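Peer 1: return a 3D structure for these sequence lines:
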Amino acid sequence: MSAPPGTRPARTARTVDGDGPTRRLGRGSERFAAATSGAWATVQGVVLSVAVVVLLAVVGVLGGSPDSAWTGAVGVATGLWLLGHGVPVDAGAGVITLVPLGIGALAVFTTYVSVKRSALPTLAAWVAATVTYAATTVALAAATEGVAGGEGLAAAGSRLALAALGGAVVGGAGAALGILVPPDRPEVVVPGSMLDRAVPDVARLGMQAGTVALVALAGLGAALTLVWVVAGRATSEDVVTGLDPGWIGGVVFAVAQLALLPNLVLWATSWMAGPGFAVGQGTVFAPGGTEAGPLPAVPLLGALPGPDWSGPTAALAGPLAVVACGALAGWFAWRRLDPERVRWVDLAQVLAGVVLLAGVMTALLQHWAGGAVGAGRLAQVGADPLLTGAVVAVEVGVGAAVVLMGAHVQVGSRLRRE
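Peer 2: Model (predicted):
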């Protein structure tokens, strides 16, 4: 099928020579140079992100007792960095699988900056960067297995496999952004030749619209989280006063909580959609009802919504906000279609792309945002990934369908009158 009339032509992928025609690296020496540039850029990104986490650990040691071991602090910091990549850590009282998404976001950013600055924008550079990042993550997981508490895991092989997977996802995402984002423009330039053959153009448009819906939903989740933080500041201040961490510990504590702030934002999106989330077994934080239990002394948890936030109004307004994000996605897609030539089958493919991307990405993100924080009650923290993904897909799909079908019917009626 040809591209939908009215859609913007795809931009040419950025190459070594800028935005001109794609340059093929035919010689082995040139491919080796590109791969080397990607691998070296990835090493820089890993060093930068690890250094930030280790620096915080060292600052914590300086504010602690004189007998504190710096090597232990570095080992714990490396374990936290690995935890940000999805590698579980045995904390003694239980295994921690909750991924601090802030650390993962930091690693993606440092890799993006390093690759954008140092790597050649080729496929060979991206493959080398991804493989190097995954290999480095596996090496750190193997080297710190005893120090970071890996001895309590069921099998070292599964830990190393998770390290390889997390490193490939985080490193590959950062490297892809560094290669596909031109230096003079903020938007992502995706080569379309392979996608043209594999995915219909209207389905790709639907996936773009689904991305718009997810970005809008994340923005609403961030705004709701900010409201929760402001509303619960008194509780958070009481927790900080009771802990009395000192100014050095307070700074480290604050930065550490920032690493979990993206998790809370994603939980807020699940709260809006309706399923809600849990912070401990037997707890529910949802617009339809709240059942809270004893929580650990973490100031960030003071921002969790209490029973006053639940009720019929919240149970209706939250899902409607997600439907509105879907309507925005439908408007985005309709603006890129030719209203007089679009067919119902085209709209069906657009909706399929919207629903598929919104549902799958939501499930993956919620899976990463949840996990266990030890044994006992805190073995269940976060939202149900499959349930939340399904509900968000339905709500976003409803909003997009209302806009697309309504606009198509309106255009059809106008054409019949003419």
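Peer 1: from the structure, what's the count of residues near Arg341?
Peer 2: Neighbours of Arg341 under the rule other Cβ atoms under 10 Å: 10. C-beta: built from backbone N, CA, C; applies to glycine.
Peer 1: ok, Val215 next?
Peer 2: Under the neighbour criterion other Cβ under 10 Å, Val215 is assigned a count of 13.
Peer 1: assign a three-state SS to it, would you?
Peer 2: For Val215, the secondary-structure state derived from DSSP: H, G, I helix; E, B strand; the rest coil is helix.
Peer 1: so Tyr339 belongs to a helix, correct?
Peer 2: Quick fix: residue 339 is Pro, not Tyr. No - counting by three-state DSSP, Pro339 is located in no helix; its state is coil.
Peer 1: in space, what's closest to it - neighbours in sequence excluded?
Peer 2: Val411 (4.4 Å; Cβ to Cβ, 6 or more residues apart in numbering).
Peer 1: check Thr122 too.
Peer 2: Ala34 (4.4 Å).
Peer 1: which pLDDT does the model give Leu205?
Peer 2: Among the per-residue scores, Leu205 holds a pLDDT of 89.
Peer 1: check which helix or strand covers it.
Peer 2: Mapping Leu205 onto the secondary structure by DSSP states H and E places it in helix 201-231.
Peer 1: which helices and strands sit right next to that helix?
Peer 2: Helices and strands touching helix 201-231, as assessed by 3 or more Cβ pairs under 8 Å, 6 or more residues apart in numbering; DSSP states H and E, comprise helix 246-273, helix 312-334, helix 344-369, helix 385-417.
Peer 1: could you redo the last one with a cut-off of 6 Å?
Peer 2: helix 246-273, helix 312-334, helix 344-369 (3 or more Cβ pairs under 6 Å, 6 or more residues apart in numbering; DSSP states H and E).
Peer 1: got the buried residues for the longest helix along the chain?
Peer 2: Criterion DSSP state H: the longest helix present in the chain is helix 28-62. Buried residues in helix 28-62, counted by 16 or more other Cβ atoms under 10 Å: 30-31, 33-46, 48-50, 52-54, 56-61.
Peer 1: so for that helix, mean pLDDT?
Peer 2: The predicted model gives helix 28-62 an average pLDDT of 80.
Peer 1: the inter-axis angle of whichever helix or strand comes after that helix versus helix 28-62?
Peer 2: Past helix 28-62, further along toward the C-terminus, the next helix or strand under DSSP H and E is helix 70-83. Put simply, helix 70-83 runs at 120 degrees to helix 28-62, going by axes from the mean of the first three to the mean of the last three Cα atoms, to 10 degrees.
Peer 1: helices and strands of the chain: which one has the lowest mean pLDDT?
Peer 2: Considering only helices and strands, the least confidently modelled element of the chain by mean pLDDT, DSSP states H and E is helix 193-198, at a mean of 56.
Peer 1: so what does Asp384 have for phi and psi?
Peer 2: As for Asp384, its main-chain torsions (degrees, to the nearest 10) stand at phi -70, psi 110.
Peer 1: same deal with Gly232?
Peer 2: Taking degrees, to the nearest 10 as the convention, Gly232 sits at phi -100, psi 20.
Peer 1: what's the answer for Phe277, then?
Peer 2: The phi and psi torsions at Phe277 (degrees, to the nearest 10) take the values phi -150, psi 170.
Peer 1: check contacts around it.
Peer 2: Going by Cβ atoms under 6 Å, 6 or more residues apart in numbering, Phe277 touches Trp267, Ser270, Phe285, Gly382, Ala383.
Peer 1: now the third one, what are its backbone angles?
Peer 2: Put plainly, it is Phe285. phi -120, psi 100.
Peer 1: that one touches Gly276, doesn't it?
Peer 2: Yes - Phe285 is within contact range of Gly276, at 5.1 Å (criterion: Cβ atoms under 6 Å).
Peer 1: between the two, who's got more neighbours?
Peer 2: A side-by-side neighbour count of Phe285 and Gly276, using other Cβ under 10 Å, places Gly276 first with 26 against 23.
Peer 1: nearest residue to the more buried one in space, please, no chain neighbours.
Peer 2: If the residues on either side of it in the chain are set aside, Gly276 comes closest to Ala286, at 2.7 Å by Cβ to Cβ, 6+ apart.
Peer 1: bridged to that neighbour, which residues?
Peer 2: In this structure, Ala286 bridges to Gly289 when assessed by DSSP bridges.
Peer 1: between helix 344-369 and the helix holding Leu205, find me the angle.
Peer 2: 40 degrees.
Peer 1: relative to helix 385-417, how tilted is helix 201-231?
Peer 2: Helix 201-231 and helix 385-417 are oriented at 120 degrees to each other (the same axes, to 10 degrees).
Peer 1: and helix 201-231, how far out from the chain middle?
Peer 2: On the basis of Cα atoms, centre = their mean, to the nearest Å, helix 201-231 sits 11 Å off its chain's mean C-alpha point.
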